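1. can't give you the sequence, but here's the structure:
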């Protein structure tokens, strides 16, 4: 298995927090250009708008065939603090906060699903910082308290895991941003 974990590109702020800004659109295109020659069998994407927009701008560069699955299993359940309480009412958002235990259980179940279904595939996941941090802890078999060492997962970062046929990690890299400096997607 080869697994790519992509944090959505840079989002806007305030009431537009769930959409990409101008920089984020460029980042998403550069992500797409990075994946241009990579084999991808399945793409799993959060149902949140900023993740879907990131994937939308990546898709023109990706080599087909692949299957796309949009799933709430990868969505961000908590609204960023900077959105503010008044935005909750305007945007009709729920203020229920997902606990770390609930997030850990959700990502553990998703990781178990991937291991069962995709042992021989190349998978691209487009999601959110806390979901990706939790998935990384699951993959590395670390307690969630260790996620403090993965605190910086910037927008449009890529974490890559290569596994052998027994799903033992061969190599991995977390939070890589070199594609943003290396690639400029053609307009």
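-> Great, that's in hand. Note that the structure is predicted; figures quoted are calculated from it, not measured.
2. following the helix ranked longest in the chain, which helix or strand comes up?
-> Counting by DSSP state H, the longest helix found in the chain is helix 100-117. Remark: after helix 100-117, the chain's next helix or strand is strand 122-127, criterion DSSP states H and E.
3. for the chain, what spans make up the strands?
-> 2-7, 42-46, 67-71, 122-127, 158-163, 169-176 (DSSP state E).
4. quick check: mean pLDDT across the longest helix of the chain?
-> Averaged over helix 100-117, pLDDT sits at 95.
5. Show me which residues of it are buried.
-> 103, 104, 106, 107, 110, 111, 114 (16 or more other Cβ atoms under 10 Å). Yep, even glycine has a C-beta here, placed from its N, CA and C like the rest.
6. Mean pLDDT and mean neighbour count for the strands of the chain - can I get that in JSON lines?
-> Below are the strands of the chain laid out as JSON lines (pLDDT from 0 to 100; neighbours: other Cβ atoms under 10 Å):
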{"stretch": "strand 2-7", "mean pLDDT": "98", "mean neighbour count": "23"}
{"stretch": "strand 42-46", "mean pLDDT": "97", "mean neighbour count": "21"}
{"stretch": "strand 67-71", "mean pLDDT": "97", "mean neighbour count": "13"}
{"stretch": "strand 122-127", "mean pLDDT": "98", "mean neighbour count": "23"}
{"stretch": "strand 158-163", "mean pLDDT": "98", "mean neighbour count": "18"}
{"stretch": "strand 169-176", "mean pLDDT": "96", "mean neighbour count": "14"}
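7. Now these in TSV, please, with extra columns for distance to residue 23.
-> Supplementary listing: the strands of the chain in TSV, determined by distance: least, Cβ to Cβ, whole Å:
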stretch	distance to residue 23
strand 2-7	14
strand 42-46	20
strand 67-71	24
strand 122-127	17
strand 158-163	17
strand 169-176	18
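8. Tell me which residue is most central in this structure.
-> Note on the chain: the residue nearest the mean C-alpha position is residue 127, at 2.7 Å, using Cα atoms, centre = their mean.
9. how far away is the residue nearest to that one when sequence neighbours are not counted from residue 149?
-> Using Cβ to Cβ, 6 or more residues apart in numbering and skipping the chain neighbours, the partner closest in space to residue 127 is residue 74 (4.2 Å). Distance, residue 74 to residue 149, by Cβ to Cβ, to the nearest Å: 22 Å.
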